[in-house]
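Colleague: Quick one, what's the 3D model for this:
(chains A and B)
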Protein chains: 2
Amino acid sequence: MSYETYFQTEREAQLAELKQWLSIPSISALSSHKEDVLSAAHWLLDTLKRAGLENIELYPTAGHPVIYADYLHAPGKPTILVYGHYDVQPVDPLNLWTTPPFEPEIRDGKLYARGATDDKGQVFMHIKAIEAILKQEGTLPVNIKLCIEGEEEIGSVHLPSFLEASKDKLAADAVLVSDTSLLERGRPAICTGLRGLCSLEVSVNTALTDLHSGSYGGGVPNALHALVSLLSSLHDDKGRVAVEGFYDGVPELSPLLREEFAKQGVDEEKIRAGLGLDQLYGEEGYSFVERVGARPTLELNGVYGGFQGEGSKTVIPKEAHAKITCRLVGDQDPQHILDVVEAHLKANIQAGAKVQVKQMEKARAFNIDPSNPILQTAADAYGKVYGTRALFTKDGGSIPIMESFSRILQAPVVLMGFGLDDENLHAPDEHFNLENFDKGLLTIVEFLKTV
Amino acid sequence: MSYETYFQTEREAQLAELKQWLSIPSISALSSHKEDVLSAAHWLLDTLKRAGLENIELYPTAGHPVIYADYLHAPGKPTILVYGHYDVQPVDPLNLWTTPPFEPEIRDGKLYARGATDDKGQVFMHIKAIEAILKQEGTLPVNIKLCIEGEEEIGSVHLPSFLEASKDKLAADAVLVSDTSLLERGRPAICTGLRGLCSLEVSVNTALTDLHSGSYGGGVPNALHALVSLLSSLHDDKGRVAVEGFYDGVPELSPLLREEFAKQGVDEEKIRAGLGLDQLYGEEGYSFVERVGARPTLELNGVYGGFQGEGSKTVIPKEAHAKITCRLVGDQDPQHILDVVEAHLKANIQAGAKVQVKQMEKARAFNIDPSNPILQTAADAYGKVYGTRALFTKDGGSIPIMESFSRILQAPVVLMGFGLDDENLHAPDEHFNLENFDKGLLTIVEFLKTV
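Modeller: Residues are numbered from 1 along each chain as shown, chains lettered A, B, ... in the order given. Modelled structure (predicted):
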């Protein structure tokens, strides 16, 4: 039967299976969920086996394990390495979810759950596409390897050393990844650039204890004042990062690249309205797609200190904290960025307060040339299923490991994403539009048959 | 027997009784503790009765009740109205308490518990001093009224209207209050000035949902950026409040007042070291006692937004919050201050973000002339017990209701405090030095017998 018919027949069973996986709260960032992450890995092992894959293995790391599987029965044909991740982001604030993050529910053709689009839903499609070809044709037209990790949301801490150690085992003609988005509904895109990432935690301390604002207010440093003043100094009033050395390695936008961005025809007014904003905001002199796709950024992800309860409390807090991530582009070196931000924080801390910085994740930006033939084949595969060929874009997100794959395995990375930007990745009510689940399965099959 | 002997004999039983009261978590700010506040009020009713007071009544208010009692059997003698409060501050961060806040424990001659010094411990002393005179002499040398409220820590919301309505019932020649501190161990003080207070909550909102910092970072407003930049604008880099109109009604420090402050001989280096600070901090051109006693301040008591868990989360938060209190001096009008701060926040909010302000408590500063004969008698009473006469000081704290007492009852307010500044008021490990419990009982007896 046609693949369309096959997937229609299997649809209900496949979605029920995916919901099982999405029910496992595999939050890699929280140590309290370590067992859940492992259980999501074991679920994956079983599913790969049932799909007909071979040499299925769980590789323990110092953190969460890597899952490997392959099917290597197409001598002389290219080898495609599928990469994805089975870990998910934390879920708070929990009260903003319409239905609980780990009780998947389909509403209006969208599957709601943490991980639905990022990335369990998209990994699942590759397994089901491979299973479909095996069931329909008895073998695969290419050699396939899968490498699915459990630490992507915490910076793929242990994957680079796994890649180095398993270079031969993982050798491939291309790395295929579905963890990005269409431009918008019906407009596929292949991402040729991803921003790098680095993260840090900042703690400000003042007195040994919290103090009464009556007895001490006005006469002692307040950790919150020191922190907000310090954090405020990280940007100028035009939205540009005000840290010396932060823009080292950031390339100027070429007229050609600006033209490519313009081609996407992004409607800023529509984005603004969709987000419920009075206006967009960012670095002066750049459009929204340029800001997100080709400019670095420094974001406060969390700030906290002092009293957060009901009512008021006249306390001068002795400590205050912030969590910061930077998105990087071009040749920005994550270690250099962490160092200059740390130096800025230490140089600008208010008298009487102390600042401590904990450096965390580090990943360089990723870029690939769209003229690569494998990328052209991928764009055609989309064209066949979606009726419109994929555009080559740059995405503002980070998949920290992409740069490692491309460097260590020396293979082109094909970012064949099926998400949508408004699917609340990393936020409450994450979901996956099932229209792209259906079309994505067909696109992957088409790509594997034509590459 | 002498009062020294009497109180020595009773000491153990009295402290056991006080510990009972301190075990009741009467946190007025948290609605979940409403029953506990009521139970602390009922405990007080019983204790007043056992002490021999009369006409004991519980006056319900829209919030927590006011307790009244009297003993009016000294015709021709002055009437003293004792004021205090039985509610306490919240207790978080709970993990910083050595022993739980509502399990009172004596260590090294200090009684540790929330409310030990502020203000249950000090209210308890008045009851026990009155009880002592009644037991020793069969009657009191003055007429006594007590008015003990349960909303002091939330701005005495309902007391002013109670005072207005009960003006005749409460009429007195002086209002006697123990809710302030000695200058330091062995150096008593009578406070002749208290700062006013106003409080507000600030909320900043941006997009409809939290956003992924990869897909949107650099292109949309971040509620935390907007908030820290806004909060940072509230002070200049010299520690002065940068809100237009904030200093309206703040008197210049007279040379005489500066001399009085200097007389206290406060050792700033000792304060700094005791707090574990590298240096003190505050408005330029003023000493520590001047900053705390006679200058207004604006403090951040809590700031929060975004991710606060373990690890990092690449989220752009859609909302962020702050809690602010201002301490006021001289003729600063709390409503005016709230209005100018609100106007400043609204005028300085970053493009693309919205700010909401909730105005809360409002209380004017309090001042009394130390030459008043009743204050002189009080200073002598301290002198007799402590061996050193009380100095007249100005305290940075606020007892919002003092100004109302003085205005509505038209009576001098005697702030005869027995706390110490380092007793962690409003902070973890609040405690009360029992040396001042012992001396305080005697000082109150001496005052009541000589006034």
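Colleague: okay, CA-based contacts and neighbour counts for the rest of this
Modeller: Will do.
Colleague: Close to chain B: what parts of the stretch 351-451 of chain A are there?
Modeller: Proximity of the stretch 351-451 of chain A to chain B (C-alpha under 8 Å from any C-alpha of the partner chain) is limited to residues A:351-353, A:395-398, A:421, A:424-428.
Colleague: redo that, cut-off 6 Å
Modeller: Proximity of the stretch 351-451 of chain A to chain B is confined to A:Gly352, A:Gly396, A:Gly397, A:Leu425, A:His426, A:Ala427 under the rule C-alpha under 6 Å from any C-alpha of the partner chain.
Colleague: any chance of those residues in a markdown table, plus pLDDT and neighbour count?
Modeller: Formatted as a markdown table, those follow (pLDDT from 0 to 100; neighbours: other C-alpha atoms under 10 Å in any protein chain shown):
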| residue | pLDDT | neighbour count |
| --- | --- | --- |
| A:Gly352 | 93 | 21 |
| A:Gly396 | 88 | 33 |
| A:Gly397 | 85 | 25 |
| A:Leu425 | 88 | 29 |
| A:His426 | 87 | 25 |
| A:Ala427 | 91 | 26 |
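Colleague: out of these, who's nearest chain B?
Modeller: Here the nearest of those to chain B, counting by C-alpha to the nearest C-alpha, is A:Gly397; it sits at 3.4 Å.
Colleague: which SS class is that closest one?
Modeller: Assigned by DSSP: H, G, I helix; E, B strand; the rest coil, the conformation of A:Gly397 is coil.
Colleague: Distance of it relative to B:Asp119?
Modeller: Taking C-alpha to C-alpha, to the nearest Å as the measure, A:Gly397 falls 54 Å from B:Asp119.
Colleague: again with A:Lys439
Modeller: Noted for A:Lys439: a distance of 69 Å to B:Asp119, by C-alpha to C-alpha.
Colleague: Near the closest residue to A:Thr61 other than its chain neighbours, how many other residues are there?
Modeller: With sequence-adjacent residues excluded and distances taken as C-alpha to C-alpha, 6 or more residues apart in numbering or on different chains, A:Thr61 is closest to A:His158, at 6.6 Å. When neighbours are defined as other C-alpha atoms under 10 Å in any protein chain shown, A:His158 has 20 of them.
Colleague: Between A:Lys439 and B:Asp119, point out the one with more neighbours.
Modeller: In terms of neighbours (other C-alpha under 10 Å), B:Asp119 is the more surrounded of A:Lys439 and B:Asp119; the figures are 25 against 17.
Colleague: pLDDT value on the residue nearest to A:Thr61, please?
Modeller: Looking at A:His158, its pLDDT reads 95.
Colleague: same check, this time on A:Gly150
Modeller: A:Gly150 carries a pLDDT score of 98 in this model.
Colleague: quick one: it and A:Ala62 touch, right?
Modeller: No: checked against C-alpha atoms under 6 Å, the pair A:Gly150 and A:Ala62 is beyond contact range at 11.5 Å.
Colleague: quick one: which of those two has more around it?
Modeller: Under the criterion of other C-alpha under 10 Å, the comparison of A:Gly150 against A:Ala62 puts A:Gly150 first, with 28 against 7.
Colleague: I'd like the distance between the closest residue to that one other than its chain neighbours and B:Ile444.
Modeller: Ranked by C-alpha to C-alpha, 6+ apart and with sequence neighbours excluded, the top spatial neighbour of A:Gly150 is A:Asp87, at 4.7 Å. With the distance defined as C-alpha to C-alpha, A:Asp87 ends up 67 Å from B:Ile444.
Colleague: again, but for A:Ala174
Modeller: Counting by C-alpha to C-alpha, the gap from A:Ala174 to B:Ile444 is 87 Å.
Colleague: Of the residues of the stretch 351-451 of chain A next to chain B, just say which sits nearest to B:Leu197.
Modeller: Within the set of these, A:Gly352 lies nearest B:Leu197; the separation is 25.0 Å, counting by C-alpha to C-alpha.
Colleague: What separation do you get for the residue nearest to A:Thr61 and B:Gly306?
Modeller: Distance, A:His158 to B:Gly306, using C-alpha to C-alpha: 27 Å.
Colleague: A:Ala226 now?
Modeller: From A:Ala226 over to B:Gly306 the distance is 19 Å, taken as C-alpha to C-alpha.
Colleague: Over to A:Lys439?
Modeller: Between A:Lys439 and B:Gly306 the computed distance is 35 Å (C-alpha to C-alpha).
Colleague: Pick out the residue in the stretch 101-250 of chain A sitting closest to chain B.
Modeller: The nearest approach of the stretch 101-250 of chain A to chain B comes at A:Gly214, 3.4 Å away (C-alpha to the nearest C-alpha).
Colleague: Would you mind giving the secondary structure of that residue?
Modeller: For A:Gly214, the secondary-structure state derived from three-state DSSP is helix.
Colleague: Would you mind finding the longest helix in chain A?
Modeller: Taking DSSP state H as the assignment, the helix of chain A that covers the most residues is helix A:3-22.
Colleague: ok, then the element right after that helix?
Modeller: Beyond helix A:3-22 on the C-terminal side, the first helix or strand identified by DSSP states H and E is helix A:34-51.
Colleague: Give me the contact list for the helix or strand just after that next one.
Modeller: The C-terminal neighbour of helix A:34-51 among helices and strands, as given by DSSP H and E, is strand A:54-59. Residues external to strand A:54-59 that are found in contact with it (C-alpha atoms under 6 Å, 6 or more residues apart in numbering or on different chains): A:Pro65, A:Val66, A:Ile67, A:Tyr68, A:Ala69, A:Asp70, A:Tyr71.
Colleague: mind redoing it with 7 Å?
Modeller: Counting contacts by C-alpha atoms under 7 Å, 6 or more residues apart in numbering or on different chains, the residues outside strand A:54-59 that touch it are A:Leu45, A:Pro65, A:Val66, A:Ile67, A:Tyr68, A:Ala69, A:Asp70, A:Tyr71.
Colleague: Helices - which of those residues land there?
Modeller: Of these, the ones assigned to helices by DSSP H are A:Leu45.
Colleague: Return the closest of the contacts of strand A:54-59 with respect to chain B.
Modeller: Distances from the contacts of strand A:54-59 to chain B were compared by C-alpha to the nearest C-alpha; the smallest belongs to A:Pro65, at 18.6 Å.
Colleague: residues in contact with the closest one?
Modeller: When the contact criterion is C-alpha under 7 Å, 6+ apart, the partners of A:Pro65 are A:Leu58, A:Tyr59, A:Glu149, A:Gly150.
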